[in-house]
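Visitor: got a predicted model here, sequence first, then my questions.
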Protein chains: 2
Amino acid sequence: MDRPEPRHEEGRSPGVRGRPRSEAVERAIIEGVMRLLEEGVSLGDMSIERIARTAGVGKATIYRRWKGKEELFVEVMRVVDAPDQELPGESVRDDLVVILEGIRHRGLAKRSSALLQSLLAQAKNYPQLWDLYHAEIVATRRARLTQVLKRGIASGELRGDVDLSLMADLFTGPLLTRTILSHDAPLPDGLSETVVDTVIEGLRT
Amino acid sequence: MDRPEPRHEEGRSPGVRGRPRSEAVERAIIEGVMRLLEEGVSLGDMSIERIARTAGVGKATIYRRWKGKEELFVEVMRVVDAPDQELPGESVRDDLVVILEGIRHRGLAKRSSALLQSLLAQAKNYPQLWDLYHAEIVATRRARLTQVLKRGIASGELRGDVDLSLMADLFTGPLLTRTILSHDAPLPDGLSETVVDTVIEGLRT
C-alpha cells in the first residue's frame, strides 16, 4: 500500500474553534496535501492556497482548523502514521511489547510507502515541522512509555536505580536503530518480544 | 575545538600506488577539504580542481592517492572522527564498554564541532558518499563488535541463542539513539558501563 488511508480520530486535531466539525472536509484537506506530495510538490513549496484549491475548499476553511502549514503537516503525519495500539495495562512486559511493536510496524510501513518516506525525509529538513512533530507526536509516545516504566518500578517488575530515560532508550534503541538508522535491517515478527525479554532481564529487581 | 586536528594513520588511505607517500601532502589535501567546508562550500560543489588549488598541489597528486572525490571525502571523515581505541581483548564486557565509549565520544565530538556536524549532514544527503562511508567505516566498526560478541559466545560469557546482529543492536542501539537521533540527550560519563552491564545481564548464559 503506497498511500496510507487517512484515519480520522476524534478530538485530536488542534486548532479547532467552536464551529461544528466536518470530518469530510478535514479528510479532503489532508488528502489534498497527500495528493500534492504524490505529485512531487515539496512541503516547502506547498502553499495553503494550493492545498485549498486541491482540496476544493476555501483558504479560510483550512485556517479555521489549523494555525498554519506546519500544524496541518503534523496532522498529516499523524494521520498517515500507524495508530498507537491501546495498552493492555496489565503486565509491564506486555505493554512494552505493544509499544515496540508500534515502532516496528511504523518502520515496516515506512519501508513500503514512498509517500511516508518522502514525508519523513522532508520533515527532517524542515526544522519547524520536525520540532512540532517531536513535540506533538514523539513526545506523546515517549510519555506513554515512561508511564509504563514507572508502573513497572512501582510494581517491582523493574529496578528503580536506572534512570527512566535510559531505561526507555534501552528498550526502544535497538528498534529505532533498525527502523530509522537502517533501510534494510530485519524487522521480523517476534523481534519486539525478544528485545523486551532480553532487556527486561537486566532491569529486574 | 571546532576543527579537529587531522590525524594520519599509517596504511589506512586507500588507493595509494607504489610511490613513496608524503604525509605532509595528504595532510594538506585533507586540510584543504576542511578549509573549503569551513568556508561553506558544499561537498557537492567541491571539485578536485578547487581542492587541489586550496591545498597547493596538482590535481594529479590527488588522483594518485584517491580514485575520486567520494574516496577523498571518506578519508576526511575517517580523519576527523575520533579514532577507535584498541580493545584490551580480555573480558568481553570491558571490550564492549570501549566500543560504546567510542560511540559516545564521537557523539560528543559531533556536538561540539560545527565542521563535523556539517560534514555528516552533507554526507547523509550524498548517497554515494554515505554508502562508501558505511562500507568503509561503519561496517568495519560493526565487524569489530561482532568479533567481540562471538568471542563472548565462545567463552560462555554470552548466550548463543540470540542473533548476533540483534545482540549488536541491543548494545549499540541506546547509544546510537542518543548520539544520532537526538541533539541533546545526555551522554554522561558512565553511560556506556551502565548500558553494557544492563544489557549483558539479559544475555548471560
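Guide: Structure's in. What do you need?
Visitor: list the buried residues of stretch A:22-36.
Guide: A:25-34, A:36 (16 or more other CB atoms under 10 Å in any protein chain shown). (Glycine included, C-beta is placed from N, CA and C.)
Visitor: quick one: which two of those are the most distant?
Guide: A:Val25 and A:Leu36 (17.0 Å; CB to CB).
Visitor: now the element after the helix or strand bottoming out on mean pLDDT in chain A, going C-ward?
Guide: Of all the helices and strands that make up chain A, helix A:114-124 has the lowest average by mean pLDDT, DSSP states H and E, namely a mean of 89. Following helix A:114-124 in sequence order, the next helix or strand is helix A:127-133 (DSSP states H and E).
Visitor: what segments of chain A are helices?
Guide: Taking DSSP state H as the criterion, chain A carries its helices at A:23-38, A:48-55, A:59-65, A:69-80, A:92-112, A:114-124, A:127-133, A:139-155, A:164-176, A:191-202.
Visitor: circling back to that earlier point, could you check the angle the least confident helix or strand of chain A makes with helix A:92-112?
Guide: Helix A:114-124 runs at 100 degrees relative to helix A:92-112, counting by axes from the mean of the first three to the mean of the last three CA atoms, to 10 degrees.
Visitor: hmm, who's touching helix A:114-124?
Guide: By CB atoms under 8 Å, 6 or more residues apart in numbering or on different chains, the surrounding residues in contact with helix A:114-124 are A:2-4, A:34, A:37-38, A:42-44, A:73, A:76-77, A:80, A:109-111, A:129-130, A:133.
Visitor: let's see that with 10 Å instead.
Guide: A:1-4, A:33-34, A:37-38, A:40, A:42-44, A:46, A:70, A:73-74, A:76-77, A:80-82, A:106, A:109-111, A:113, A:129-134, A:180, A:183, B:124-125 (CB atoms under 10 Å, 6 or more residues apart in numbering or on different chains).
Visitor: just for chain A, where's the confidence low?
Guide: The model of chain A has pLDDT under 70 over residues A:1-21.
Visitor: please report how far A:Glu31 lies from A:Lys110.
Guide: A:Glu31 sits 20 Å away from A:Lys110, going by CB to CB, to the nearest Å.
Visitor: and if you look at A:His134?
Guide: 17 Å.
Visitor: kindly report the same for A:Leu181.
Guide: To A:Lys110, A:Leu181 is 12 Å away according to CB to CB.
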